[in-house]
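>>> Structure for this input, please:
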Amino acid sequence: MTDEVWDFVFCGGPNPQSSDIPSSVLNQMKQEFEYWYPFDLRVSGKDLIQNHLTFCIYNHTAIMSKRHWPRGFRCNGHLMLNSEKMSKSTGNFKTLRQSIEEFSADATRFSLADAGDGVDDANFVSETANAAILRLTKELSWMEEVLDAESSLRMGPPSTYADREFANDMNIAVQLTEQQYQDFMFCEALKTGFFMIFRLLEMNTACRGGTSGMNRDLLWRFMDVQTRLIAPICPHYAEYVWRVLLKKDGFVVKAGWPLAASPDLTLRSANKYLQDSIVLMRKLLQKQIFGSKKANKGAPVTLQTEEKLRGLIYVNEQYDGWKAECLRILQNKYNRKTRSFALDSEIMDALKQSSVGQARDFKKIQKLCMPFLKFKKD
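Below you'll find the model as predicted:
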């Protein structure tokens, strides 16, 4: 290994003429190096940051050209077992094989993903692995029921507000989960790609009183999307759904990432407002039926039946007064190129100079303006 050979293999130097190594071997050595370098990612524990990982950067930058420098490092914390440090001496220890035999491969991967992200110590919890078995089994049963009841579903293209809202929620879940996987945030990917998307399904079915009124194409898309999102964490579960239940060709790991339209943030805000209003109406209904908890002691309690109650919702067609002025200021202080608002101090100055700011009761109105402005900005 002369300097000429070193430069040829590792530094892009010319073919060494003085070396007795056959050219075919030299080219194979160079090809092997070019195949593996630069490496995309090195994953190590946080205890190696100050030594191995730092010197890995030093060595590569000192010896190799910039195009062969490492592209990324990912550091993680230590792994705890049931909130305690793993230790063979105390018996709090579990091998990967033991975990797979006890919980299955997918439940183990599910619990490891849920254990935590970043350099904080991850916590593998046995109860989470057991819960994963039950949860995955539950979702399989649900999909089987939906597939068996296909004839009761609503056919045709999605057309209702609930359809548009559900499709938009799926697009948001796809976008968020993709970003989490790219950032190696597997716990967050599990939240958005499994827990959140099923919670959105439950909310949508609750509004309809069950799956019977849902659109068939949307439900099939939901099962397709959810299977692809969870495949990196639970591949065996995903392959079973993909090939056995959905009757798809090939493997889900080769199916690619699900396509999704750009999320409609206005529709998302409208749906959040609707869901919050539903929660508020239910609380008011319960209060009317069962009475107030702060009722005077000894006073007779008059209970209402749900059939005799009627809720009226009044909708204002447009904002007026100080609300309209606040919206005008936000519109003027919005930068369409950067898709951002001006500083709060600048918005406040504009409010003081407006007709609202010149009013005698401005201090009283100001207490209402600030929450309203924040709500609209968010």
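>>> How about residue 188: what's its closest non-neighbour residue?
Of all residues not flanking residue 188 in the chain, residue 180 sits nearest, at 4.3 Å (C-beta to C-beta, 6 or more residues apart in numbering). Just so you know, the C-beta spots here come from the backbone N, C-alpha and C atoms, and that holds for glycine as well.
>>> residues near that neighbour, how many?
20 (other C-beta atoms under 10 Å).
>>> Can you give me every residue that contacts it?
186, 188, 189, 192, 193 (C-beta atoms under 8 Å, 6 or more residues apart in numbering).
>>> likewise residue 368?
residue 322.
>>> Tell me the confidence at it?
Note on residue 368: pLDDT of 87.
>>> Now it: phi and psi?
For residue 368, the backbone dihedrals (degrees, to the nearest 10) come out as phi -90, psi -30.
>>> what's the spacing between it and residue 351?
11 Å (C-beta to C-beta, to the nearest Å).
>>> what do you get for residue 266?
Counting by C-beta to C-beta - residue 266 and residue 351 are separated by 24 Å.
>>> Tell me the secondary structure of the residue nearest to residue 188, please.
helix (DSSP: H, G, I helix; E, B strand; the rest coil).
>>> Now do it, the pLDDT please.
Looking at residue 180, its pLDDT is 95.
>>> Please tell me I have it right and residue 329 contacts residue 352.
No: contact criterion C-beta atoms under 8 Å: residue 329 and residue 352 do not qualify, at 10.4 Å.
>>> And the two? Which one has more around it.
Counting neighbours by other C-beta under 10 Å for residue 329 and for residue 352 shows that residue 329 has the greater number, 24 against 11.
>>> Can you give me the neighbour number for the closest residue to the more buried one other than its chain neighbours?
In space, and not counting its chain neighbours, residue 329 is closest to residue 350: 4.8 Å by C-beta to C-beta, 6+ apart. Here the number of neighbours of residue 350 (other C-beta under 10 Å) works out to 18.
>>> Quick one: residues contacting residue 65.
By C-beta under 8 Å, 6+ apart, the neighbours of residue 65 are 11, 12.
>>> One more: residue 334?
Shown in contact with residue 334 (C-beta under 8 Å, 6+ apart): 340, 341, 342.
>>> distance of it from residue 377?
9 Å.
>>> so what's in contact with these two at the same time?
In contact with both residue 334 and residue 377: residue 341, using C-beta under 8 Å, 6+ apart.
>>> list the buried ones in whichever strand or helix holds residue 141?
Mapping residue 141 onto the secondary structure by DSSP states H and E places it in helix 126-148. Across helix 126-148, burial judged by 16 or more other C-beta atoms under 10 Å covers 128, 129, 132, 135, 136, 139, 143, 146.
>>> And for the residue lying closest to the first one once chain neighbours are set aside, the neighbour number?
Spatial nearest neighbour of residue 128, chain neighbours left out: residue 111 (4.5 Å); criterion: C-beta to C-beta, 6+ apart. Taking other C-beta under 10 Å as the criterion, the count of residues near residue 111 is 24.
>>> Can you name every helix or strand that the strand or helix carrying residue 111 contacts?
Element membership for residue 111 (DSSP H and E) is helix 105-114. Applying 3 or more C-beta pairs under 8 Å, 6 or more residues apart in numbering; DSSP states H and E, one finds that helix 105-114 makes contact with helix 96-103, strand 122-124, helix 126-148, helix 186-190, helix 235-240.
>>> Dump those into CSV; add distance to residue 283 and mean pLDDT as well.
Formatted as CSV, the helices and strands packed on helix 105-114 follow (distance: least, C-beta to C-beta, whole Å; pLDDT from 0 to 100):
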stretch, distance to residue 283, mean pLDDT
helix 96-103, 40, 94
strand 122-124, 36, 92
helix 126-148, 29, 94
helix 186-190, 31, 95
helix 235-240, 38, 97
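>>> Now render the ones you listed as JSON lines, adding distance to residue 77.
Shown next, in JSON lines, are the helices and strands packed on helix 105-114 (distance: least, C-beta to C-beta, whole Å):
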{"stretch": "helix 96-103", "distance to residue 77": "18"}
{"stretch": "strand 122-124", "distance to residue 77": "6"}
{"stretch": "helix 126-148", "distance to residue 77": "17"}
{"stretch": "helix 186-190", "distance to residue 77": "12"}
{"stretch": "helix 235-240", "distance to residue 77": "25"}
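>>> Those: which one's closest to residue 154?
Counting by C-beta to C-beta, residue 154 lies closest to helix 126-148 out of the helices and strands packed on helix 105-114; the figure is 12.7 Å.
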